[in-house]
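Engineer: Sequence and predicted model, in that order:
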Amino acid sequence: EVQLLESGGDLVQPGGSLSLSCAASGFTFSNYAMTWVRQAPGKGLEWVSDIRDSSGSTLYADSVKGRFTISRDDFKSTLYLQMNSLRAEDTAIYYCARYYYDSSPYPFDYWGQGTLVIVSS
Amino acid sequence: DIQMTQSPSTLSASVGDRVSITCRASQSISSWLAWYQQKPGKAPKLLIYKASSLESGVPLRFSGSGSGTEFTLTISSLQPDDSATYYCQQYNSNPYTFGQGTKLEIK
């Protein structure tokens, strides 16, 4: 059974840092691209960042570029999101999700349950 | 970035009704469109991919159609369990953008 389990969400002050993790199981982690999607309270879904593989193919939303860093450890089947210079508008539930990739695009077929990040003084 | 616009934003219907939600893309995305269902406090769940392909385990009352810039999610006979927010997402090109969501309520 595919499982994605996020952790690391917390209350942090503006300007602070936080590291999120997403532990994967039930599938061959290295065969999938991984992504972070966030949802501010009462709002819609916002894509945050992608990582295709450990070679460093990454993408970021303009709203987090230069502040967030996505990475992965295929040996530990774990996805990470390092968040620096946090702002109030980063307050959200952060979901990790997987998607397959080859010559065709694929949707996000499995999602974790999310971890809550609150940025407030 | 490709903008995705859903309509309506909210929808109220009765059990047994046929309901449709529309999603429009700001440029052609071929058929690279997905629909997700999200219930309160839960993660989104993939319902439809490639505009009209039903994800495994999703009830047959859900269907998708469209290509290019206009897409539709249809529920043929609404059930109480279908109360949720529905999102479309284009995955034709990065960033993979979402629509703003349609909240479906059961009367």
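Structural biologist: Yep, that arrived. Please read these numbers as outputs of a predicted model, since none were measured by experiment.
Engineer: List the contacts of the spatially most central residue of chain A.
Structural biologist: Nearest to the geometric centre of chain A sits residue A:36, at 2.7 Å (Cα atoms, centre = their mean). Contacts for residue A:36 (Cβ atoms under 8 Å, 6 or more residues apart in numbering or on different chains) come out as A:20, A:22, A:47, A:48, A:49, A:70, A:79, A:81, A:94, A:95, A:96, A:97. C-beta here means a position set from N, CA and C on the backbone, and glycine is covered the same way.
Engineer: Also residue A:68?
Structural biologist: Taking Cβ under 8 Å, 6+ apart as the test, what residue A:68 contacts is A:48, A:49, A:60, A:81, A:82, A:83, A:84.
Engineer: secondary structure element for the residue positioned nearest the centre of chain B?
Structural biologist: Nearest to the mean C-alpha position of chain B, by Cα atoms, centre = their mean, lies residue B:35 at 3.8 Å. Using DSSP states H and E, residue B:35 falls within strand B:33-38.
Engineer: could you check the angle strand B:33-38 makes with the next helix or strand after that strand?
Structural biologist: Counting by DSSP H and E, the next helix or strand C-terminal to strand B:33-38 is strand B:45-49. Relative orientation of strand B:45-49 and strand B:33-38, computed by axes from the mean of the first three to the mean of the last three Cα atoms, to 10 degrees: 160 degrees.
Engineer: Describe which strands the helix or strand following strand B:45-49 pairs with in its sheet and in which direction.
Structural biologist: Remark: after strand B:45-49, the chain's next helix or strand is strand B:53-54, criterion DSSP H and E. According to DSSP bridges, strand B:53-54 forms sheet pairs with strand B:45-49 (antiparallel).
Engineer: Name the residues that touch the partner strand?
Structural biologist: Here strand B:45-49 makes contact (Cβ under 8 Å, 6+ apart) with A:106-111, B:33-38, B:54-55, B:58, B:62-64, B:73, B:86.
Engineer: Likewise for stretch B:34-42?
Structural biologist: A:45, A:107-108, A:113, B:23, B:44-50, B:62, B:64, B:73, B:82-89, B:91, B:101.
Engineer: what's near enough to touch the residue nearest to residue A:110 when sequence neighbours are not counted?
Structural biologist: Leaving aside its chain neighbours, residue A:110 sits nearest to residue A:2 (4.7 Å; criterion: Cβ to Cβ, 6 or more residues apart in numbering or on different chains). Applying Cβ under 8 Å, 6+ apart to residue A:2 gives the contacts A:24, A:25, A:26, A:27, A:98, A:110.
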